[in-house]
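Colleague: Structure, please.
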Amino acid sequence: MPDNLLEVRDLQAGYGSGSAGALGSSQVLFDMQLSMRTGEVITLLGRNGMGKSTFVKCISGLLAPMAGEIHLGGKALHGQPAYVFGRSGLGLVPEGRQVFPTLTVRENLVATAHTRHAGATPWTLERVYGLFPRLRERAGQLAGKMSGGEQQMLAVGRALMTNPRLLVLDEATEGLAPLIRAEIWRCLRTLRAEGMSMIVIDKNLKPLLGLANHHYVMEKGRIAWSGTSEQLQSTPEVVARYLSI
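Modeller: The predicted structure is shown next:
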């Protein structure tokens, strides 16, 4: 396990009357297994309702698993509160963006910033503004007054300001206009080239194939298939069975 940045073993999770350690009728994830190395980009694919967001909640500490293990950088995190996951180097770009609407762009970026896991070139305001020039232009604007695309840029920038070891993006381009979507994909390619470890969830398969090292396909709370972009492209039956609407 020391070679892996993230290691998930036998993860089970759910909602409702079931509690951590007690399996119930609300179970969503079943014996999930996943691992990734530092510098890798992986995706979590699947139709709506297959458990992708539940998995993200578990590996970011927002939902306590019923069973199983989550290790980040060799440190066991399962059962720990969300702030421990953040302090351990996980940066989350949540579905729906969830920026602080009554704070300015600059205030959003600095609100949770830290350099605990910063490398030789830490993420600073200037570096985030360099990645997303539009955020510099909107620095004094309230986040709640921005467009959805600008808020997504802000959500990515806010996560980067924590200098994460692992960046997790849940529905990276959902609901965005084509030009903004292209800007987000450009950003993610830049981050990949700089060695950022990422888990990306999105419904747009084509850009994901050019971005990621490895893909995990979910079906009803389990990993139904995993492989490289080349393997996924060469098995159209997997796309047809698990991803096509």
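
Colleague: So R189 lies in a strand, does it not?
Modeller: No - with DSSP: H, G, I helix; E, B strand; the rest coil as the criterion, R189 is located in helix rather than a strand.

Colleague: Surely it and V200 touch.
Modeller: No - using CB atoms under 8 Å, R189 is not in contact with V200; the gap is 11.1 Å. In short, each C-beta sits where N, CA and C put it, glycine included.

Colleague: the more surrounded of the two?
Modeller: Between R189 and V200, V200 has the larger neighbour count (other CB atoms under 10 Å), namely 25 against 14.

Colleague: Burial check on V238, number of neighbours?
Modeller: 19.

Colleague: So it sits against W225, correct?
Modeller: Yes - contact criterion CB under 8 Å: V238 and W225 qualify, at 5.2 Å.

Colleague: what sits in contact with each of the two?
Modeller: Counting by CB atoms under 8 Å, 6 or more residues apart in numbering, the shared contacts of V238 and W225 are V217.

Colleague: Tell me the pLDDT of the most centrally placed residue in the chain.
Modeller: The residue lying closest to the centre of the chain (CA atoms, centre = their mean) is V168, at 1.8 Å. In this model, V168 is scored at 97, pLDDT.

Colleague: Run through the bridge partners of it.
Modeller: Note on V168: beta-bridge partners L92, I199, judged by DSSP bridges.

Colleague: For it, give its distance to R192.
Modeller: 14 Å (CB to CB, to the nearest Å).

Colleague: Return every residue with contacts to both of R189 and V200.
Modeller: L211.

Colleague: mind listing what P101 touches?
Modeller: Counting by CB under 8 Å, 6+ apart, P101 touches 142-144.

Colleague: Of those residues - the most surrounded one?
Modeller: Neighbour counts for the contacts of P101 (other CB under 10 Å) peak at A143, which has 23 neighbours.

Colleague: I figured it hits R106, correct?
Modeller: No - applying CB under 8 Å as the test, A143 and R106 come out as separate, 9.9 Å apart.

Colleague: Does T54 belong to a helix, a strand or coil?
Modeller: Quick answer, by three-state DSSP: T54 is helix.

Colleague: how close does it sit to N163?
Modeller: According to CB to CB, T54 and N163 sit 27 Å apart.

Colleague: A113 too?
Modeller: Per CB to CB, A113 is found 8 Å from N163.

Colleague: And V84, by the same measure?
Modeller: Taking CB to CB, one finds V84 at 16 Å from N163.

Colleague: Of those two, give the one with the bigger neighbour count.
Modeller: Higher neighbour count among V84 and N163: N163, with 19 against 14, using other CB under 10 Å.

Colleague: ok, M196 - contacts?
Modeller: 39, 41, 167 are the contacts of M196 under CB under 8 Å, 6+ apart.
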